[in-house]
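Undergrad: build me a model:
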Amino acid sequence: MTRDLHLVSTRSVAAVMPENGAVDCAALLDGLALPLDAASLPDATRQVIAACPSLPQPGGGHTLARWQFLAGLAGRDLSLVKIYEAHADALAILAEIGAPRTCAAGADSATPPIWAVWAARAPHDDLRFTHTRGSNDETRVLLSGTKPWCSGAAFVTHALVTCIDDEGRDWLAALPLDQPGVTVTGRGWEAVGMAATRSVEVEVRNAHATLIGASGAYLRRAGFWQGGAGIGACWYGAAAALAVHLRHAAQRRDDPHLHAHLGAADTALVAARAVLREAAQHLDAHPQDDAMTLALRVRAAVESAVETVLTACARGLGAGPYCRDAWFARMAADLPVFVRQSHAERDLAALAKAVAERGEDWAL
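TA: Residues are numbered from 1 along each chain as shown. Here you go, the predicted model:
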């Protein structure tokens, strides 16, 4: 076992993904049975990372391509995009903050690592570090504590984790998971929706890690809210995929109520799509701006579309696909859980405060 990090370069994006994001996700997932479960998700994740090891950097000129890829993958399987998006986010964070340049390969190049980002905090056992040791451009620490909500903990190889020092200051650390001080528990995940991600608690006791950036850098960076907006693309892709089933039904049945539900879904999705496209364009034009208001607006618009599509599918399609179509049933169960990454009214209140302070008049 090695404690060194193995980083995937983010400089080969053009080689793995067209700039318009038009990757054939069906071909990418060839040979996989959807929906995925906890047993098939690890291999599926490795298959996608092998084909597309990285995505364009948010705010780097091709944000829409990044989001189009995430939306396309989400439209196939939400557990898969949950893990892959975190992997891509981790690489974006490392590129933005600056990963230690002396990190050696900790795994064979034929099996690249799977990264996670675990930023949730345990209320009574927050992850903290002690015993710092610097060498060259690295600061190595020992981590102890508990991390909740650790998606993919059973098979990811490395995680970027938030932690605190003895003075309570926030830090980000890169934690290799294949070491004696890391224990993946079975606690904290009883979900039906998103069950395959097994987002359990991870116990960390005197585990070796490397600090990434300065104290507070994770939250201060421009990419924090850029990445938060990108989650909306995942929600959108799943909602659009469900709406396709609604459209297919409307093509077969001359039912005015079904058609009305399709009209509601279409209106919501087209509006959310416009918000996503405008946001991507703005981030590329102003990559260093504070994107909090933009991200909150994007997420709220897409969440509203998700709720409209879920209601339209339920009322327009009835119980049939929920009971007889394995893919539809899983997607319809997964999406309400995934979208709860939103903080609902708390986020809307924060958006309202920003809008009020700026004096938005919504001129066309």
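Undergrad: show me what the helix or strand encompassing residue 141 packs onto, helices and strands only.
TA: Element membership of residue 141, judged by DSSP states H and E, is strand 138-150. Here strand 138-150 touches strand 115-118, strand 128-135, strand 158-164, strand 170-176, strand 200-211, going by 3 or more C-beta pairs under 8 Å, 6 or more residues apart in numbering; DSSP states H and E. For the C-beta atoms, the positions are set from N, CA and C on the backbone; glycine is no exception.
Undergrad: quick one: contacts of it?
TA: Contacts to strand 138-150, defined as C-beta atoms under 8 Å, 6 or more residues apart in numbering, come from residues 100, 102-103, 116, 118, 120-122, 125-134, 159, 161, 163, 173, 175, 181, 184, 188, 199-211.
Undergrad: quick check, central residue of this protein?
TA: residue 85 (3.8 Å; C-alpha atoms, centre = their mean).
Undergrad: and that residue, how far is that from residue 55?
TA: Going from residue 85 to residue 55 by C-beta to C-beta, to the nearest Å gives 9 Å.
Undergrad: quickly list what's touching both of those two.
TA: Common contact partners of residue 85 and residue 55 (C-beta under 8 Å, 6+ apart): residue 70.
Undergrad: outline the domain layout of the chain.
TA: 13-98, 115-216, 222-358 (automatic domain parsing).
Undergrad: need those domains in a markdown table (columns: mean pLDDT and distance to residue 364).
TA: Formatted as a markdown table, the domains of the chain follow (pLDDT from 0 to 100; distance: least, C-beta to C-beta, whole Å):
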| stretch | mean pLDDT | distance to residue 364 |
| --- | --- | --- |
| domain 13-98 | 90 | 22 |
| domain 115-216 | 94 | 37 |
| domain 222-358 | 98 | 12 |
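Undergrad: mean neighbour count, these: which tops it?
TA: domain 13-98 (a mean of 20; mean count of other C-beta atoms under 10 Å).
Undergrad: my read is that the residue nearest to the centre of the chain contacts residue 234, right?
TA: Yes: with contact defined as C-beta atoms under 8 Å, residue 85 counts as touching residue 234 (5.9 Å).
Undergrad: overlap in contacts, these two.
TA: With C-beta under 8 Å, 6+ apart, residue 85 and residue 234 have common neighbours residue 70.
Undergrad: so the residue of the chain most remote from its centre, which of the three states?
TA: Note on the chain: the largest C-alpha distance from the chain mean falls to residue 254, namely 38.6 Å (C-alpha atoms, centre = their mean). Under the three-state scheme (DSSP: H, G, I helix; E, B strand; the rest coil), residue 254 adopts coil.
Undergrad: could you do the one 3 residues further on as well?
TA: Of the three states, residue 257 takes helix under three-state DSSP.
Undergrad: against residue 245, how distant is it?
TA: Distance from residue 257 to residue 245, by C-beta to C-beta: 16 Å.
Undergrad: do the same with residue 37
TA: Distance from residue 37 to residue 245, by C-beta to C-beta: 21 Å.
Undergrad: now stretch 211-218 - C-alpha only, PDB.
TA: The C-alpha coordinates for stretch 211-218 follow below in PDB (Å, rounded to 0.1, in the frame of the first residue of the first chain):
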ATOM      1  CA  LEU A 211      -3.300  19.400   2.500                       C
ATOM      2  CA  ILE A 212      -4.500  21.000  -0.700                       C
ATOM      3  CA  GLY A 213      -4.200  24.800  -0.900                       C
ATOM      4  CA  ALA A 214      -4.400  27.300   2.000                       C
ATOM      5  CA  SER A 215      -6.900  27.400   4.800                       C
ATOM      6  CA  GLY A 216     -10.300  28.300   3.400                       C
ATOM      7  CA  ALA A 217      -9.300  28.000  -0.200                       C
ATOM      8  CA  TYR A 218     -11.900  25.400  -1.000                       C
END
